[in-house]
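Novice: No letters, just coordinates:
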């Protein structure tokens, strides 16, 4: 703000604004998204500079990670529309933010939006060159995490959710692209999905199978992972499954 108002300082550039927006995108403070968008609008009002794709993506991600999980997709979609209206080409970072926004929502329709945007990233990877247009472990893990959130609210979709995340994990393990290899966050999301899928009778076996894969891949088995595996071994009372 001092660079904006005090002539003793050099005028802020797009890079200066975007650096601050990036901090808001990674912040856990409750008003980060609102502050990010306020800064974006100040950029728009400047006669010298205008936001670029990275600037807008930072704001979209800030909204995707905001506390209000029900309204996060609405705001993320609004910024996504603005990106398109400006004639910019969305990349995987944009779609990753949209996957996160819809994935945190967890309602019955949200998983369709998650899959829609995940497929768009995969389609871009086939048609375009460059890492910004190809799916990585980030997009895969965000999609798996979306299923973990989804199945906790939609227990009747337990089998579908587990089947889907196991397919995604297999895709990652079969890929020759090092950027797609699953990491500890991926496996945690897989185990959270299995733990939440309370209508799957063999949750324990599936979780132990994931544990064996992690060991074979040289992934650290942290206490948090062990805790998730233990949750998969808990049998739910029948009345909770109805």
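Specialist: Structure received. Remember, it's a predicted structure, so these values are computed and weren't measured experimentally.
Novice: what are the ranges of the helices in this protein?
Specialist: Along the chain, counting by DSSP state H, helices occupy 2-5, 14-25, 32-45, 53-64, 72-85, 92-105, 110-127, 137-153, 158-174, 184-196, 203-217, 223-232.
Novice: So residue 221 is in contact with residue 211, correct?
Specialist: Yes. The criterion here is C-beta atoms under 8 Å, and residue 221 meets it with residue 211 at 6.9 Å. No exception for glycine: its C-beta is placed from N, CA and C like everyone else's.
Novice: Give me the nearest residue to the residue nearest to the spatial centre of the chain, chain neighbours excluded.
Specialist: A centroid search over the chain (C-alpha atoms, centre = their mean) returns residue 100, at 3.1 Å, as the residue closest to the centre. Once flanking residues are discounted, residue 100 sits nearest to residue 64: 4.4 Å by C-beta to C-beta, 6 or more residues apart in numbering.
Novice: wait, doesn't the one you found sit right on residue 98?
Specialist: Yes. If you go by C-beta under 8 Å, residue 64 and residue 98 touch, sitting 7.1 Å apart.
Novice: ok, now how distant is residue 48 from residue 16?
Specialist: For residue 48, the distance to residue 16 (C-beta to C-beta, to the nearest Å) stands at 12 Å.
Novice: Run a quick neighbour tally on the closest residue to residue 214 other than its chain neighbours.
Specialist: Sequence neighbours aside, residue 187 is the residue nearest to residue 214 in space, at 5.4 Å (criterion: C-beta to C-beta, 6+ apart). Residues near residue 187, counting by other C-beta atoms under 10 Å, number 24.
Novice: pretty sure residue 187 contacts residue 210?
Specialist: Yes. Counting by C-beta under 8 Å, residue 187 does reach residue 210; the two are 6.2 Å apart.
Novice: ok, back up a step: residue 221 and residue 211: who's more crowded?
Specialist: Neighbour totals were compared for residue 221 and residue 211, and residue 211 leads with 19 against 13 (other C-beta under 10 Å).
Novice: That one - nearest residue in space that isn't next to it in sequence?
Specialist: Residue 211 sits nearest to residue 229 (C-beta to C-beta, 6+ apart), 5.8 Å away.
Novice: what's that neighbour in contact with, if anything?
Specialist: Residue 229 is in contact with 191, 207-208, 210-211, counting by C-beta atoms under 8 Å, 6 or more residues apart in numbering.
Novice: Quick one, which of those are buried?
Specialist: Among the contacts of residue 229, those classed as buried by 16 or more other C-beta atoms under 10 Å are 191, 207, 210-211.
Novice: And residue 211, how far from residue 149?
Specialist: Residue 211 is 22 Å from residue 149, by C-beta to C-beta.
Novice: This completes my enquiry, with thanks.
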